[in-house]
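S.K.: For reference, the sequence and a predicted model appear below.
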Amino acid sequence: MKKIISMILCVAMVLGCVSAFTGCGDKDDDTLVMATNAAFPPYEYVDGDNGFAGIDVEIAQAIAEKLGKKLEIADVEFGSIIGGVQSGKYDFGMAGMTVTEDRKKNVDFSDTYATAVQVVIVKADSQYASFEDFYTGFDEEEKPTGVKEGIKIGVQQDTTGDIYSSDEPKNWGFGSDNVIQYKTGADAVQALLTDKVTAVIIDNEPAKSFIASNEGLKILDGEYANEDYAICVQKGNTELLDQINTALKELKEDGTIDKIVAKYIK
Ligand code: ARG
């Protein structure tokens, strides 16, 4: 009996070794590549000498650690994250990314790890008190009927701020003609500072961060949209998705996520 067991162990070891030298032990397996757009503080940004920083970056690091993998970050345009995850170029996308029905057609989302709201940033001396003031009027169902002359909304291209604002007024958008897309939220904010747009629509925490680092801006009262953030993986990659969800659950339960968030959001 002992002999048989030791033979089985031997065979298992040999198989284990072989697999370590073929395919399964290959370098990519030790690394998780995260696609992000690191111009979105406090979720992800480039921090001078320290490289990438932010809530997503630290949560991703904690997940990778739990999975026994190294984390590699690819800093790309926000709009190319989903395509790259879908094609397998990146293992997952984490970028303060809102779960939407449209995006769900192309990628699978993890459990939510944060909630957010889209808010409206204007110049401190703006004549507008709320985004409702950008509309000419409302119909019997209280839906906007048109957009005031000259209103221009700045957004980061391909974000939900862009998608919602570009919709028609009757769906609470401002019409694509009145929306100007920028590569980053910071670029949109620069456009606001130089009066190229009336307002910027962006997620609340980045909005606060942009307000703190630029004088003469304010966030209008009222929430333009409510959202959930999640990590996306290639459609059908249930193995990685389950691993991520398990890690997220543990990190939520043991207080790691709260600790990371508290470090960045005071
Ligand atoms: N939550 C918004 C969205 O999913 C904006 C995310 C932008 N993220 C970034 N890292 N630039 O569309």
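M.R.: Nice, I can see it.
S.K.: Nearest to the ligand: which residue in the stretch 101-250 of the chain?
M.R.: Using CB to the nearest ligand atom, the closest approach of the stretch 101-250 of the chain to the ligand is made by residue 159 at 3.4 Å. For glycine as for every other residue, the C-beta is placed from the backbone atoms N, C-alpha and C.
S.K.: any idea how far that residue is from residue 242?
M.R.: In this view, residue 159 and residue 242 are 28 Å apart by CB to CB, to the nearest Å.
S.K.: Pick out whichever of the two has more residues nearby.
M.R.: Shown here are residue 159 and residue 242; by other CB atoms under 10 Å, residue 159 has more neighbours (27 against 12).
S.K.: isn't that one right next to residue 78, touching?
M.R.: Yes - taking CB atoms under 8 Å as the definition, residue 159 is a contact partner of residue 78 at 6.1 Å.
S.K.: any idea where the helices of the protein begin and end?
M.R.: Applying DSSP state H to the chain gives helices spanning 2-21, 55-66, 81-87, 101-104, 160-165, 185-193, 204-213, 238-253, 256-264.
S.K.: just checking, what packs against the fifth one?
M.R.: Secondary structure elements in contact with helix 160-165, counted by 3 or more CB pairs under 8 Å, 6 or more residues apart in numbering; DSSP states H and E, are strand 114-123, strand 153-156, strand 179-182, strand 199-203, strand 225-229.
S.K.: Ok, the third one next?
M.R.: The helices and strands touching helix 81-87, judged by 3+ CB pairs under 8 Å, 6+ apart, are strand 31-36, strand 92-93, strand 107-109, strand 232-234.
S.K.: Please identify the residues of the stretch 51-200 of the chain in proximity to the ligand?
M.R.: Counting by CB under 6 Å from any ligand atom, the residues of the stretch 51-200 of the chain close to the ligand are 78, 95-98, 156, 159-160.
S.K.: Which members of those residues are positioned in strands?
M.R.: Among those, the residues falling in strands (DSSP state E) are residue 156.
S.K.: Quick one: the residues of the stretch 51-200 of the chain next to the ligand as TSV, columns for pLDDT too.
M.R.: Output for those, formatted as TSV (pLDDT from 0 to 100):
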residue	pLDDT
78	98
95	98
96	98
97	98
98	98
156	98
159	98
160	98
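S.K.: With distance to residue 204 added, can I get the residues of the stretch 51-200 of the chain next to the ligand in JSON lines?
M.R.: Below are those laid out as JSON lines (distance: CB to CB, whole Å):
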{"residue": "78", "distance to residue 204": "17"}
{"residue": "95", "distance to residue 204": "16"}
{"residue": "96", "distance to residue 204": "10"}
{"residue": "97", "distance to residue 204": "15"}
{"residue": "98", "distance to residue 204": "12"}
{"residue": "156", "distance to residue 204": "14"}
{"residue": "159", "distance to residue 204": "13"}
{"residue": "160", "distance to residue 204": "12"}
